[in-house]
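Asks: Can you look at this prediction? I've put the sequence above it.
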Amino acid sequence: MSNLRFINETTITSGVSTVNIENVFSADFDIYKITSNGISTVGTTQTDPDLRFINSSGSLILASNYDYAHQIMRADAAMTEQRNTDEDEFYRFFGESVDQAPEENGQVSYIFNPFSSSSYTFALYQSMVASATLKISMKGIGVLKQTSSISGFQVKDNTGSRPFAGGTIRVYGLAVN
C-alpha cells in the first residue's frame, strides 16, 4: 500500500525562463512524485523544459553529473531514443515541443532518494504533448551521479529565450508501506 502526501503547488507566471521550486524534498520521504500540466510558452516558439536539482544549501547543481535516456514516441514519425551522460540537466524532463496554449501537455515523474547525501538521486519520467498537428509522448530515466542532499528543483526553458506563459507543477511525497 502507498500513500501520497501533497507538499507543494507552484503556478508558473508569464515571462519567466526558470522556475525554482525549493524546500519540497526532505527526510520525510524517499520517493517523491512530480506532476505538471499546462506548461506553455509566450508566443508560438516551442521549448523543451528541462530539470535541474537544487541542493539543500539553495544552490543549483550545475555539475556535469546528469545522465538520462528516454524514448520519444511521435504520432508522425518512428520511435527514437535519446540518451546522454555527463550533462548539466535532465533534458526534456517536462516534455518535448511545449508550445503556446491551447496546446496541451502533462507530465508525471518519480524522484528517488533526493534528500539522502549518501546515495545518487534517480528519476523516472513520462510526458505527453499534443498540438493541432503534433502528438509526442516520452518515457525516460535519469540519475544524478552526485551524493548531494537535494531539497528542490528548477524548471528551465532549455534555450533561455522562450519564456514560459504558464503552467502548474505539483509535488507529493510517496510513503510506501
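Replies: Nice, thanks for sending it over.

Asks: so where's this protein shaky on pLDDT?
Replies: Residues of the chain that meet the criterion pLDDT under 70 lie in 1-2, 97-102.

Asks: what's near enough to touch residue 133?
Replies: Contacts here follow C-beta atoms under 8 Å, 6 or more residues apart in numbering; on that basis residue 133 touches residue 76. Backbone N, C-alpha and C define where each C-beta goes, glycine included.

Asks: how near is it to residue 42?
Replies: When C-beta to C-beta, to the nearest Å is applied, the distance between residue 133 and residue 42 equals 21 Å.

Asks: cool, and residue 64?
Replies: Residue 64 is 30 Å from residue 42, where distance means C-beta to C-beta.

Asks: out of the two, which sits in the busier spot?
Replies: residue 42 (17 against 12; other C-beta atoms under 10 Å).

Asks: Tell me the buried residues in the longest strand seen in the chain?
Replies: For the chain, the longest strand by residue count, based on DSSP state E, is strand 164-176. Buried residues in strand 164-176, counting neighbours by 16 or more other C-beta atoms under 10 Å, are found at 164, 165, 167, 169, 170, 171, 172, 173, 174.

Asks: Any chance of a markdown table for these, columns distance to residue 20?
Replies: What follows is the buried residues of strand 164-176, written out as a markdown table (distance: C-beta to C-beta, whole Å):
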| residue | distance to residue 20 |
| --- | --- |
| 164 | 13 |
| 165 | 18 |
| 167 | 14 |
| 169 | 11 |
| 170 | 15 |
| 171 | 13 |
| 172 | 18 |
| 173 | 19 |
| 174 | 22 |
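
Asks: Give me the three-state assignment for residue 161.
Replies: Here residue 161 is coil, with the state taken from DSSP: H, G, I helix; E, B strand; the rest coil.

Asks: For burial, what's the neighbour tally of the residue nearest to it when sequence neighbours are not counted?
Replies: Nearest residue to residue 161 in three dimensions, chain neighbours excluded: residue 17, at 7.5 Å (C-beta to C-beta, 6 or more residues apart in numbering). The number of residues packed near residue 17 is 18, by other C-beta under 10 Å.
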